[in-house]
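Q: next input, structure requested:
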Amino acid sequence: MHTDELKARAGELRAGDRVLLSGVVYTSRDAAHKRIFRLLEEGKPLPYPLENAAIYYSGATPAPEGLPIGSCGPTTSGRMDVYAPVLYDRGVAATIGKGERAPAVEEAIRRNRAVYLCAVGGAGALAAQSVTSCEVIAFEDLGCEAVKRLEIRDFPLIVAIDCHGGSLFAHREEAQ
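A: Numbering: from 1, shown residues only. Now for the predicted structure:
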């Protein structure tokens, strides 16, 4: 699936589906999210368009010689839950990370017919194999947490929360 199709095809995706994602994703973690929200509050231009964007919660390491990127595994998504509903409401098609999301994020995903995708945690070198190019586009002073524009090919992901209310994390309390 191509990142440009995520929003249009979100209705086809169900929690548990495997996806090979190709296209453009933007990395943003805690520090970058704080700055992006400051730009939103000030009405200033953002480093990337939010409409139909796929945001990857990753702090990629510097690239070894001859490669576009170093390790770029997912970080814990819950740390961005305070920001995610607003970003989904502003048009974000997908976020990519690892771990559970807050109920407010799940509701924003449903409301906006979007999706949350999980990457395999602890497999940053594997994830890096799907990156074909990497460009720092904002907040270079944040080092590995700078915002990067990644071009990916066949990045293996799992639909963790779909726009129909399905979730890999649902019903934990009920199962006990």
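
Q: now do the same for residue 55: helix, strand or coil?
A: The three-state assignment at residue 55 reads strand, by DSSP: H, G, I helix; E, B strand; the rest coil.

Q: show me the contacts for it.
A: With contacts defined as C-beta atoms under 8 Å, 6 or more residues apart in numbering, residue 55 is in contact with 25-28, 87, 92, 94-96. In short, each C-beta sits where N, CA and C put it, glycine included.

Q: from residue 3, how far off is it?
A: According to C-beta to C-beta, to the nearest Å, residue 55 and residue 3 sit 11 Å apart.

Q: overlap in contacts of these two?
A: 25, 94.

Q: which residues touch the nearest residue to residue 77 once chain neighbours are set aside?
A: For residue 77, the nearest residue in space outside its immediate sequence neighbours is residue 97; the separation is 3.3 Å by C-beta to C-beta, 6 or more residues apart in numbering. With contact taken as C-beta under 8 Å, 6+ apart, residue 97 is in contact with 56-58, 74-77, 80, 116, 118-119.

Q: how about the longest helix along the chain: buried residues?
A: Criterion DSSP state H: the longest helix present in the chain is helix 30-42. Taking 16 or more other C-beta atoms under 10 Å as the basis for neighbour counts, the residues of helix 30-42 that come out buried are 30-33, 35-36.

Q: now for the longest strand anywhere in the chain, which elements pack on it?
A: Using DSSP state E to assign secondary structure, the strand with the most residues in the chain is strand 147-161. The elements that strand 147-161 packs onto, with contact taken as 3 or more C-beta pairs under 8 Å, 6 or more residues apart in numbering; DSSP states H and E, are strand 18-27, helix 103-111, strand 115-118, strand 131-138.

Q: just those: most buried one?
A: Greatest average neighbour count among these goes to strand 115-118 (a mean of 27), per mean count of other C-beta atoms under 10 Å.

Q: what's in contact with it?
A: Residues from elsewhere that reach strand 115-118 (C-beta under 8 Å, 6+ apart): 6, 10, 13, 19, 21, 74, 77, 93-99, 101, 105, 109, 157-163, 168.

Q: ok, back up a step: closest to residue 45 among the contacts of residue 55?
A: Distances from residue 45 to these, taken as C-beta to C-beta, are shortest for residue 26 (14.2 Å).

Q: what's the closest non-adjacent residue to residue 144?
A: Spatially, and ignoring its direct neighbours in sequence, residue 144 is nearest to residue 59 (4.1 Å; C-beta to C-beta, 6+ apart).
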